[in-house]
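# structure for this input, please:
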Amino acid sequence: MRSCALVKQGATRSIELRCAGEGTDRVTPNTALLAWLEQQTSKPREEVFSDDQGMDPWREISELVARVCKLLEITAPTFAPETLALTPAPKSDDPESKQPAILASAVLGLFPMANQGLLRDTQAMVEGEPVKGPIESFLKVDVTLDHYR
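Purely as a prediction, here's the structure:
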């Protein structure tokens with residue numbers, strides 16, 4: 001989810017996260033994680049609800065979480081804004097961190113999305129879709145790049 005952070009000063013310092021945009025796609029699924037889980041579990045790719053207008057982000061989050069839980073064969077938690085309480089992520093040496101789980105935690109950072117197109121193309125090839133575009137010249141001997149210029 002794209003957000004902005006506000007640092008509040010005072011007796012108790014805190015950080016407030018707010019959505020950075022209205023009416024836009026607020027949730028960005030980790031397609032690399034989904035593809036890896038599907039490959040590791042040998043389960044086929046399934047489409048999940050995509051909210052391009054940003055009207056129902058909680059449904060989108062809930063369906064993404066449900067998909068991951070289905071792939072991992074674990075119970076899916078319920079996410080609702082009125083009951084959500086963030087908890088600290090467990091430390092890597094905590095025995096409980098070794099089991100698959102969905103955590104109500106946040107990770108803040110800048111994560112590049114440059115390879116998302118490559119991932120989609122690879123998924124399409126794995127699913128047997130016809131190869132189109134410049135990649136054809138790498139996979140087929142009789143194709144040239146001339147007609148892509």
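# pull the CA atoms of stretch 45-59 into PDB?
Taking Å, rounded to 0.1, in the frame of the first residue of the first chain, the C-alpha atoms of stretch 45-59 are listed here in PDB:
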ATOM      1  CA  ARG A  45      -2.100 -19.500 -10.600                       C
ATOM      2  CA  GLU A  46      -5.500 -18.100  -9.600                       C
ATOM      3  CA  GLU A  47      -6.700 -14.600 -10.100                       C
ATOM      4  CA  VAL A  48      -7.600 -12.600  -7.000                       C
ATOM      5  CA  PHE A  49      -9.700  -9.500  -6.700                       C
ATOM      6  CA  SER A  50      -7.900  -6.400  -8.100                       C
ATOM      7  CA  ASP A  51      -9.300  -3.000  -7.000                       C
ATOM      8  CA  ASP A  52      -7.800  -0.700  -9.600                       C
ATOM      9  CA  GLN A  53     -10.000   2.300  -8.400                       C
ATOM     10  CA  GLY A  54      -9.000   1.900  -4.700                       C
ATOM     11  CA  MET A  55     -12.700   1.600  -3.600                       C
ATOM     12  CA  ASP A  56     -12.300  -1.600  -1.500                       C
ATOM     13  CA  PRO A  57      -8.700  -2.100  -0.400                       C
ATOM     14  CA  TRP A  58      -9.700  -4.300   2.600                       C
ATOM     15  CA  ARG A  59     -11.300  -6.800   0.300                       C
END
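# mind listing what's buried in that stretch?
By 16 or more other CB atoms under 10 Å, the buried positions in stretch 45-59 come out as 48, 51, 54. All C-beta spots, glycine's among them, are computed from the backbone N, C-alpha and C.
# now, which of those sits nearest Gln99?
Nearest to Gln99 out of those is Val48 (CB to CB; 23.6 Å).
# for that closest one, give me its contacts.
Residues near Val48 by CB atoms under 8 Å, 6 or more residues apart in numbering: 29, 60, 63-64, 66-67.
# name the nearest residue to it, ignoring sequence neighbours.
Distances taken as CB to CB, 6 or more residues apart in numbering put Glu63 closest to Val48, at 4.6 Å, once the chain neighbours are dropped.
# quick check, that neighbour in a strand?
No - according to DSSP: H, G, I helix; E, B strand; the rest coil, Glu63 belongs to no strand; its state is helix.
# how close does it sit to Ala35?
Look at Glu63 and Ala35: by CB to CB, to the nearest Å, they are 17 Å apart.
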